[in-house]
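Novice: Build me a model from this:
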Amino acid sequence: MDEKFYSNVNILDSIEKGGFKVEILECNHLKGSKDAALAEDLFYIKNAGMSLKMVKVTLENSGLITESGALYFHKGHIECASGIGGVGGLAKKLIKSKLTNESTFKPVYKGTGEIFLEPSFSHYVLMHLENESIVVDKGIFYCCEEGMEIGVASQKNLSSGLLGGEGWFQTQISGTGTVVLEIPIPMEEVLKYKLDNERIQVDGNFALLRSGPVAYSVQRSSKQLFGSITSGEGLLQTFEGTGQVWLAPTQPVYNRLKHNGIPQLATAGKNIDNSI
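Specialist: Residues are numbered from 1 along each chain as shown. Coordinates of the predicted model:
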């Protein structure tokens with residue numbers, strides 16, 4: 001182990017099961033500025049609270065499935081396979097890629113050694129599933145332990161597909177193993193709910209994840225049309241049943257700041273489109 005490198009690294013989270021270990025590494029300082037412009041950018045990044053992160057996976061006779069292009073480098077006795085699965089498998093993957101915003105080809109790395117995925121200023125979350133499934137927002141799957149199934153979950157009714165803001169299809173991850181998701185906000189800002197035959201209704205498109213047994217639909221805020229009109233809310237994403245739902249309540253705020261600036265947030269939100 002290179003002590004100098006790892007002395008500048010924090011381990012934000014990790015999961016180790018059998019011969020598979022995944023860690024989220026965070027660089028404490030970026031000191032590589034060679035000119036004033038780069039130094040200015042690094043100063044801004046540091047004071048803005050941004051940090052460079054990498055996903056590190058250690059394999060011992062095990063395997064890793066990643067999004068295409070996620071590999072940075074690997075060390076050890078590791079081989080890569082495309083996992084296409086013949087002509088039929090290619091056709092299925094092309095269709096699934098179109099439906100879920102995930103990459104068509106997901107490389108599978110097998111063997112013993114270390115794998116580093118591309119560094120970024122993004123946010124990551126680790127999960128371990130035990131013979132269960134989750135449905136996640138489009139494009140946030142990053143990598144997982146080999147043996148898990150990355151599939152497609154279709155909406156169950158017309159209103160959910162047309163009006164829910166998620167489209168007709170989302171990514172479903174099933175099986176037993178560890179999953180890494182790339183999420184739009186820090187994990188500290190994710191609100192996790194455990195439902196016990198309960199319901200959550202959301203005015204916007206900021207639900208990140210739901211566990212398999214939780215049903216999703218789009219409903220009016222009131223059963224009566226007049227009630228929906230007078231409430232000022234209209235259609236709401238609705239999650240019902242027993243299981244988990246993860247919300248990203250600050251995500252619409254960041255989107256509005258990015259597109260419209262601070263003045264829009266100067267007063268309490270009224271008639272704001274949270275699906276941006």
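Novice: beta partners for Cys27?
Specialist: Val9 (DSSP bridges).
Novice: mind listing what it touches?
Specialist: Asn8, Val9, Ser51, Leu52, Lys53, Met54, Pro119 (C-beta atoms under 8 Å, 6 or more residues apart in numbering). Quick note: C-beta positions are derived from backbone N, CA and C, even for glycine.
Novice: Relative to Leu208, how far out is the last one?
Specialist: To tie it back to what came earlier, the one meant is Pro119. Counting by C-beta to C-beta, to the nearest Å, the gap from Pro119 to Leu208 is 22 Å.
Novice: do the fourth one as well
Specialist: Counting by C-beta to C-beta, the separation of Leu52 from Leu208 is 23 Å.
Novice: low-scoring stretches of the stretch 101-250 of the chain, by residue?
Specialist: Flagging of the stretch 101-250 of the chain using pLDDT under 70 yields the residue ranges 101-104, 155-168, 221-233.
Novice: Report pLDDT for Tyr44.
Specialist: As predicted, Tyr44 sits at a pLDDT of 92.
Novice: quick one, phi psi at Glu149?
Specialist: Per-residue torsions, Glu149: phi -110, psi 120 (degrees, to the nearest 10).
Novice: That one against Gly177, yeah?
Specialist: No: using C-beta atoms under 8 Å, Glu149 is not in contact with Gly177, being 9.9 Å away.
Novice: Compare these two (neighbour count), which wins?
Specialist: A side-by-side neighbour count of Glu149 and Gly177, using other C-beta atoms under 10 Å, places Gly177 first with 25 against 12.
Novice: Now do the helix or strand where that one lies: which elements does it pack against?
Specialist: Assigned by DSSP states H and E, Gly177 belongs to strand 169-183. The contact analysis (3 or more C-beta pairs under 8 Å, 6 or more residues apart in numbering; DSSP states H and E) places strand 169-183 against strand 9-17, strand 20-27, helix 86-100, strand 123-136, strand 141-145, strand 149-154, strand 207-211.
Novice: Kindly calculate the angle that the helix or strand just after the last one makes with strand 123-136.
Specialist: This means strand 207-211. Following strand 207-211 in sequence order, the next helix or strand is strand 215-220 (DSSP H and E). Relative orientation of strand 215-220 versus strand 123-136 (axes from the mean of the first three to the mean of the last three C-alpha atoms, to 10 degrees): 90 degrees.
Novice: in strand 215-220, what's buried?
Specialist: Residues Tyr216, Ser217, Val218, Gln219, Arg220 are the ones in strand 215-220 that count as buried (16 or more other C-beta atoms under 10 Å).
Novice: Helix, strand, or coil at Gln264?
Specialist: helix (DSSP: H, G, I helix; E, B strand; the rest coil).
Novice: Now it: closest residue in space, sequence neighbours ignored.
Specialist: Leaving aside its chain neighbours, Gln264 sits nearest to Arg256 (5.4 Å; criterion: C-beta to C-beta, 6 or more residues apart in numbering).
Novice: do Glu149 as well
Specialist: Ser174 (4.6 Å).
Novice: Next, count neighbours for the one you found.
Specialist: As a burial measure, Ser174 scores 17 neighbours (other C-beta under 10 Å).
Novice: so it bridges to which residues?
Specialist: The partner residues for Ser174, given DSSP bridges, come to Ser133, Glu149.
Novice: how near is it to Ala81?
Specialist: Where Ala81 is concerned, Ser174 sits at a distance of 21 Å (C-beta to C-beta).
Novice: and what of Thr238?
Specialist: 41 Å.
Novice: More neighbours: the two, which one.
Specialist: Counted by other C-beta under 10 Å, Thr238 and Ala81 do not tie: Thr238 has more neighbours, with 19 against 11.
Novice: The helix or strand containing Ser62 packs against which elements?
Specialist: Ser62 belongs to strand 53-66 when assigned by DSSP H and E. Where contact means 3+ C-beta pairs under 8 Å, 6+ apart, strand 53-66 is packed against strand 20-27, strand 71-81, strand 108-117, strand 123-136, strand 141-145.
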